[in-house]
Structure formats: C-alpha cells, structure tokens
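Student: What follows is a predicted structure for the sequence shown.
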Amino acid sequence: MQTKSATTPWNNWFHVTGNTYGTWLPGDSRGWRTRHHREHVEGDYKNPPPTGLHAKQLEYAKHLMRRKRIVLSPEQRYVACMEMVATLRFHAVEVVDACVSAKHFHVLARFVPLPGKPYPPRVPIEGARNDAPVSRIRTPRHLVGVAKKQSAKRLVREGLAEAGGVWGVRCKAKPIRDRAHQVRVAGYIRKHAAEGAAVWSIVRG
C-alpha cells in the first residue's frame, strides 16, 4: 500500500486536534509551536524541552490571558462534542470519530471527497435552522473553526459556559499517512472515553 508524504493526506483524511482556552500556552513545558514557525522552539510533547527553558514566555502568556483557562465538565464535553460533530456533518464533512475531553479535542474526518466523488449528503441539525449554505472553504482548520464556534455558542445558549469563547485559537490538522495510520488514530480517539471524554464514532453515533 502506498504511503503519502507528510503533507499529502491519504484519501484526504485528517486528524485535527485543539485545546480549550488557556490550557496550552506559549512556553508550555510540553513544547509548543509559534504560528508559521516564526520562532524555533526546542522539543514537543513527546520530547519536551528542558524544564524552565521557556518559563518567561509562559508567564508572559499567562499575563496576557483575559480570563481563567477553560476546563470542561463532563456535561460540557458531551454537548461540545455532539455540536461539533453535528456542525461538521451539516457542512458535508465525513466524520469517522471525534472526542472532547476536559482540555482538548480530536477529530478524524475527510473534508474534501476523493476526485470524481460527490460530497456526502449534509445532515440537518436537530432543532436548528438548516437553510444556511454549506461552507465553500474546505480546509480542515476553517471547518473545525466553524464547529468550535458553534459548540461554544451552544454551551452559552444552554447556560453551560460564559460568553467570550471556550476554545484556544486555531487547531492542528495532521494528514493521515495510510490506512494503518487512520485505524490507529480512530482507536486512539475512542480510547479517550476511558479518560472521561465525550466520544462520537460513526460505528455507534
């Protein structure tokens, strides 16, 4: 089986991740990245930088925060997860698995169909107006950004969060390399249920 390069997704599948507001800041001991790699940063979450190397940047990032960091309760996780998936499916995104934990989320999805194949039929959102057009911008970051926004609105609407935002800015979209990689990511996402995350899967909905 052919494996795609690091920047070309296999069959257009992506693994998208993101965090709640204030839970992964510049200077974090788990490692971090600046936008467009404007600054070289040593290490990552698998091989974190030396302790205290970016302590000043972390303190400055905390100083800039306008409100407390967001840690989601089990109820908030469930509502956010279901709303994110519903929004993505409404915009004709093929979602396989998704989860929302206390501080982060994962989505395994295909945002653009294979050449010559139609988009999947969009799934109406229960109890909402469904006359809005499907987004023409098909990048993972844009569509997941729309889903993040709608999930935050839902939490506020149901009195589960304060206005001002729930999620950190942007998200990371990692291309799936091959079928084996896709299966591993799907299993990894589903295992988050054991950690208290809300999980949605195409296998059981």
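Tutor: Arrived safely, thanks for sending. Numbering: from 1, shown residues only.

Student: Residue 124: neighbour count?
Tutor: 12 (other C-beta atoms under 10 Å). Using the backbone N, CA and C atoms, a C-beta is placed for each residue, glycine as well.

Student: Ramachandran angles for it?
Tutor: Reported as degrees, to the nearest 10, the phi and psi values for residue 124 are phi -60, psi 150.

Student: How about residue 81?
Tutor: Dihedral angles for residue 81 - degrees, to the nearest 10 - are phi -60, psi -50.

Student: Quick check, pLDDT for it.
Tutor: pLDDT, residue 81: 99.

Student: ok, and the closest non-adjacent residue to residue 145?
Tutor: residue 171 (7.1 Å; C-beta to C-beta, 6 or more residues apart in numbering).

Student: With residue 189 instead?
Tutor: residue 97 (4.3 Å).

Student: Could you check how far residue 114 is from residue 10?
Tutor: Distance of residue 114 to residue 10, given as C-beta to C-beta, to the nearest Å: 11 Å.

Student: Who has more neighbours out of these two?
Tutor: residue 10 (19 against 9).

Student: hang on, isn't the more buried one packed against residue 181?
Tutor: Yes. Counting by C-beta atoms under 8 Å, residue 10 touches residue 181, with 7.1 Å between them.

Student: if I pick residue 95, what's in contact with it?
Tutor: Residues counted as contacts of residue 95 (C-beta atoms under 8 Å, 6 or more residues apart in numbering) are 85, 88, 89, 107, 108, 109, 200, 202.

Student: how many neighbours does the last one have?
Tutor: As a burial measure, residue 202 scores 15 neighbours (other C-beta under 10 Å).

Student: With the second one instead?
Tutor: The local packing count at residue 88 equals 25, with neighbours defined by other C-beta under 10 Å.

Student: From the rest of the structure, what touches the helix or strand it falls within?
Tutor: Following DSSP states H and E, the helix or strand that holds residue 88 is helix 74-90. Residues from elsewhere that reach helix 74-90, judged by C-beta under 8 Å, 6+ apart: 72, 95, 98-102, 105, 107, 109, 120, 122-126, 130, 134, 143-144, 146-148, 150-152, 154-155, 158, 160-161, 166, 196-200.
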